[in-house]
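Engineer: model the structure of this input:
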Amino acid sequence: MSGVCNTNLPNFGQATCELEMGEVRRLFITSYLKEDGTRNYITKADAAALANWQTKINKWSFSTDKLEKVVPTCIIYGFKSEIEDDIMFNENGYVKKLADGSYQFTAVIYSREAAYIKSLKKIENNEVAVYLGDDGNVIFGETPSASDTDLYPYRLESIAISNFKIPDREGPSMSKIVCVLKDPQDANDTYGVEVADGDMFLDTDFYSLQDCTCTVTSPATTGAVMAIVNDRYNTAVTGLNDDVTDYLNWKFYDSVAPTVAIVPTATDKITESPDGTYTFNDTAIFTTGHVYTGKLELDGYDIASFTVTVP
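Structural biologist: Numbering: from 1, shown residues only. Down below sits the predicted model:
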């Protein structure tokens, strides 16, 4: 396992251990930079615990939680790391290296759902980075020096996901994901941390949030009617008022005071009928003529912000 020997030798010396890396089965996609412009990372100590990854996974918005959010892909297979030839220049018998060849990861996405491919393709134009998770429950990233306490994701030059392929008699509907490293030398800093209490093959351990939309109707000072649908499966999101504290997950922000959260006073002010449709009936929670942004923080889901305009 990485970390059992010092690979940051002052001289080349003799390698004292190999990097034990199994077949990569998941990509963990995150933003390359934090909001303050510094590089994203997780400490090695935190990376060893499943709960710490799940905390980073269960964030509801890249726009507001970019510093933390990590998005695992579905299981991948056929992972390859491919290095192109270096760029060389030959002059009078002397060969000079001008640049490293590009380094890319490729794999096939196990999911065969068109809606999943569509969702994944949304990140193609973003500046993202990835950690790699192998079949031994080890998550790999970069550690620039042996004394560094942090694990950094690999910065990508680009990420591309092929469109959903309609299956035919010659092949299934497989789609490929291609990640090109920004700097090929980053691979030389590879370091792995075992997540001892996680299983890379379990979606319950390394899940990804489901995107959802909220449609608002009948706005009034007492609330509104809100229908929430899961984009991937086109199904209603139910049970958001089942627990006595569920009302605390609903937050509204008045455009005239956008930092102050307005929360319903109790769960019994929210009724669900039919499935996924929630009616608020709370005394004067809103003000006539105001516009509110609604946000819902729900484990397992990423529900887009919605607007309530009170007539």
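
Engineer: quick one: name whatever helix or strand follows the longest strand that the chain contains.
Structural biologist: In terms of residue count, the longest strand belonging to the chain (DSSP state E) is strand 210-220. With elements assigned by DSSP states H and E, the helix or strand that comes after strand 210-220 is strand 223-230.

Engineer: who touches that next one?
Structural biologist: Outside of strand 223-230, the residues within contact range by Cβ atoms under 8 Å, 6 or more residues apart in numbering are 210-218, 235-237, 240, 264, 269, 276-282, 285-286, 294, 296, 301, 303, 306, 308. For every residue, glycine as well, the C-beta is placed using N, CA and C.

Engineer: quick one: mean pLDDT for that strand?
Structural biologist: The pLDDT scores in strand 223-230 average 94.

Engineer: tell me what the helix or strand that comes right after it is packed against?
Structural biologist: Toward the C-terminal end, the helix or strand that comes next after strand 223-230 (DSSP H and E) is strand 235-236. Counting by 3 or more Cβ pairs under 8 Å, 6 or more residues apart in numbering; DSSP states H and E, the packing neighbours recorded for strand 235-236 are strand 223-230.

Engineer: how distant is the strand it packs on from the center of its chain?
Structural biologist: For strand 223-230, the distance between its averaged C-alpha position and the chain's averaged C-alpha position is 25 Å (Cα atoms, centre = their mean, to the nearest Å).

Engineer: tilt between it and strand 210-220?
Structural biologist: 160 degrees (axes from the mean of the first three to the mean of the last three Cα atoms, to 10 degrees).

Engineer: may I see the buried residues of strand 223-230?
Structural biologist: Taking 16 or more other Cβ atoms under 10 Å as the basis for neighbour counts, the residues of strand 223-230 that come out buried are 223-230.

Engineer: partner strands of it, parallel or antiparallel?
Structural biologist: Strand partners for strand 223-230, identified by DSSP bridges, are recorded as strand 210-220 (antiparallel), strand 235-236 (antiparallel), strand 277-280 (antiparallel).

Engineer: next, count neighbours for V180.
Structural biologist: Using other Cβ atoms under 10 Å, V180 has 17 neighbouring residues.

Engineer: beta-bridge partners for it, please?
Structural biologist: Residues in a beta bridge with V180, per DSSP bridges, are Q104, S158.

Engineer: who's the residue positioned nearest the centre of the chain bridged to?
Structural biologist: With the centre of the chain defined as its mean C-alpha position, the nearest residue by Cα atoms, centre = their mean is V71, 1.6 Å away. Each beta-bridge partner of V71 is listed here: I29, as defined by DSSP bridges.

Engineer: tell me who's in contact with it.
Structural biologist: With contacts defined as Cβ under 8 Å, 6+ apart, V71 is in contact with 28-30, 57, 123, 208-209.

Engineer: mind giving me the ChimeraX command for buried ones among these?
Structural biologist: This is how ChimeraX selects the buried members of those, with burial counted by 16+ other Cβ under 10 Å:
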select :28,29,30,57,123,208,209
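
Engineer: can I get the contacts of V71 in JSON lines with distance to E194 and pLDDT?
Structural biologist: Output for these, formatted as JSON lines (distance: Cβ to Cβ, whole Å; pLDDT from 0 to 100):
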{"residue": "F28", "distance to E194": "15", "pLDDT": "96"}
{"residue": "I29", "distance to E194": "21", "pLDDT": "95"}
{"residue": "T30", "distance to E194": "19", "pLDDT": "93"}
{"residue": "I57", "distance to E194": "18", "pLDDT": "91"}
{"residue": "I123", "distance to E194": "27", "pLDDT": "89"}
{"residue": "S208", "distance to E194": "21", "pLDDT": "88"}
{"residue": "L209", "distance to E194": "25", "pLDDT": "88"}
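
Engineer: need the contacts of V71 in JSON lines (columns: distance to S162).
Structural biologist: Below are these laid out as JSON lines (distance: Cβ to Cβ, whole Å):
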{"residue": "F28", "distance to S162": "20"}
{"residue": "I29", "distance to S162": "16"}
{"residue": "T30", "distance to S162": "22"}
{"residue": "I57", "distance to S162": "25"}
{"residue": "I123", "distance to S162": "14"}
{"residue": "S208", "distance to S162": "19"}
{"residue": "L209", "distance to S162": "23"}
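
Engineer: many thanks, I have nothing further to ask.
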